[in-house]
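Chemist: Give me coordinates for this.
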Amino acid sequence: MRKIPIAMFYAAAWFLGTLLPMAISPADGLCQSIQIMIKPVAYRMDSVGTARLECRYGCFWLKDTTARMSPDGGLLSGDSAALERGMMLLQCGGPSGVSRFYSYDKFYLDSLMLAADGGGGAAFDVWSLPSGTAFTVYKHFPEPGLMTSTDVVGADNYLVEEQVPDFGWKVCDEWKEVLGYRVRRAECTFRGRDYVAWFAPELPVSDGPWKFCGLPGLILEVYDVRMQYRYVLEGLTVKDGMRVEMPDAQYIRTDVEKYLRTLRRYTENPMLIMSEIDASAISAVRVNKPADGSDPFKLKFDFQEIL
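Modeler: Numbering: from 1, shown residues only. Predicted coordinates:
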């Protein structure tokens with residue numbers, strides 16, 4: 001069994017575990033069983049800081065914007081397959097201010113990869129792969145005031161470094177409770193979307209899910225007013241001295257706009273990924289077009305950042 005680089009492992013997982021199921025499912029009869037046989041190359045995780053809080057956020061987003069999501073993350077109308085759910089983790093609250101926001105499913109994939117590297121390789125069925133994202137946000141790294149985002153697109157690791165955004169929050173005199181914490185409403189406009197956030201002044205950490213930060217308290221819930229993206233805190237654990245880690249990988253440095261263009265190109269033409277993955281690592285893939293002749297990979301949603 002041949003070894004493949006970490007990015008190709010995620011590329012296979014992204015295509016087979018996310019893009020294919022986004023368009024088809026086993027019940028559709030459009031795709032046969034798919035299995036990946038891999039032995040990935042080991043990689044090192046570098047410590048970039050420490051954190052005190054581990055926050056678990058439910059992430060909800062619409063893959064088809066003709067559907068409608070309710071304020072509690074349910075589906076008001078549209079196909080149930082249009083609503084995607086995931087678990088994201090935020091490590092924050094350490095002395096340096098460095099934080100990491102990443103997918104729990106990515107953590108699971110990391111574990112699978114390390115297990116495969118430690119043994120004779122591993123086989124994964126596409127339908128058992130988690131449909132998470134490799135997208136990760138590091139705030140106040142590599143230095144205070146900077147933010148680093150990483151992702152795997154195709155078979156490459158991408159890195160975007162920018163200033164921590166100034167969201168221009170408007171704090172409102174409206175309160176409610178989230179997970180037992182009293183939270184206050186704030187509003188902002190950021191990269192093409194209007195957002196409502198709820199932050200907890202009793203948790204004095206100026207951080208939150210995704211790229212959100214800059215309020216006098218931890219953001220426990222945030223959503224865009226069109227209800228296409230929503231994050232809500234589902235659990236919080238104190239872990240003093242927890243390591244904040246970053247893969248020691250070869251990154252392509254780019255800016256937000258070029259990254260989003262690349263992401264769209266691969267999302268709309270996922271077979272580009274297959275041309276970059278070692279064919280010996282994946283069994284035969286056959287995808288039939290739906291009966292109506294539509295393109296199963298045509299995007300029916302906008303990325304969270306609209307530039």
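Chemist: Tell me where the stretch 201-307 of the chain has strands.
Modeler: With strands called from DSSP state E, counting those that start in this stretch, the stretch 201-307 of the chain shows them at 218-224, 229-247, 251-254.
Chemist: wait, the stretch 51-200 of the chain
Modeler: 68-69, 75-77, 83-92, 99-103, 122-125, 136-139, 146-153, 156-163, 170-178, 181-190, 193-200.
Chemist: tell me the contacts of the residue lying closest to Y229 once chain neighbours are set aside?
Modeler: Nearest residue to Y229, sequence neighbours excluded (CB to CB, 6 or more residues apart in numbering): W61, at 4.8 Å. In short, each C-beta sits where N, CA and C put it, glycine included. Going by CB atoms under 8 Å, 6 or more residues apart in numbering, W61 touches 83-84, 228-230, 301, 304.
Chemist: ok so, going back, least confident of the strands of the stretch 51-200 of the chain, on average?
Modeler: Ranked by mean pLDDT, those end with strand 122-125 at the bottom, a mean of 50.
Chemist: Report the separation between the residue lying closest to V160 once chain neighbours are set aside and V183.
Modeler: What sits nearest to V160 in space, not counting adjacent residues and going by CB to CB, 6+ apart, is S149, at 4.6 Å. S149 is 26 Å from V183, where distance means CB to CB, to the nearest Å.
Chemist: okay, these two: which has more neighbours?
Modeler: Using other CB atoms under 10 Å, the more surrounded residue of S149 and V183 is V183, with 24 against 19.
Chemist: Excluding chain neighbours, what is closest to the more buried one?
Modeler: In space, V183 comes closest to W198 once its chain neighbours are excluded; the distance is 4.0 Å by CB to CB, 6+ apart.
Chemist: who does the one you found bridge with?
Modeler: Judged by DSSP bridges, the bridge partners of W198 are R185, E221.
Chemist: Of all the strands of the stretch 201-307 of the chain, which one comes closest to E143?
Modeler: strand 229-247 (13.9 Å; CB to CB).
Chemist: Partner strands of the closest one, with direction?
Modeler: Strand 229-247 has these strand partners (DSSP bridges): strand 45-62 (antiparallel), strand 218-224 (antiparallel).
Chemist: By mean pLDDT, flag the weakest helix or strand of the chain.
Modeler: Every helix and strand in the chain was compared by mean pLDDT, DSSP states H and E; the lowest is strand 3-4, with a mean of 42.
Chemist: hmm, who's touching stretch 238-251?
Modeler: Under the contact criterion CB under 8 Å, 6+ apart, stretch 238-251 has outside partners 6-7, 43-54, 91, 94, 98-100, 136, 138, 141, 150, 157-159.
Chemist: The same query, at a cut-off of 6 Å, please.
Modeler: For stretch 238-251, contacts defined as CB atoms under 6 Å, 6 or more residues apart in numbering pick out 43-52, 54, 91, 98, 100, 157, 159.
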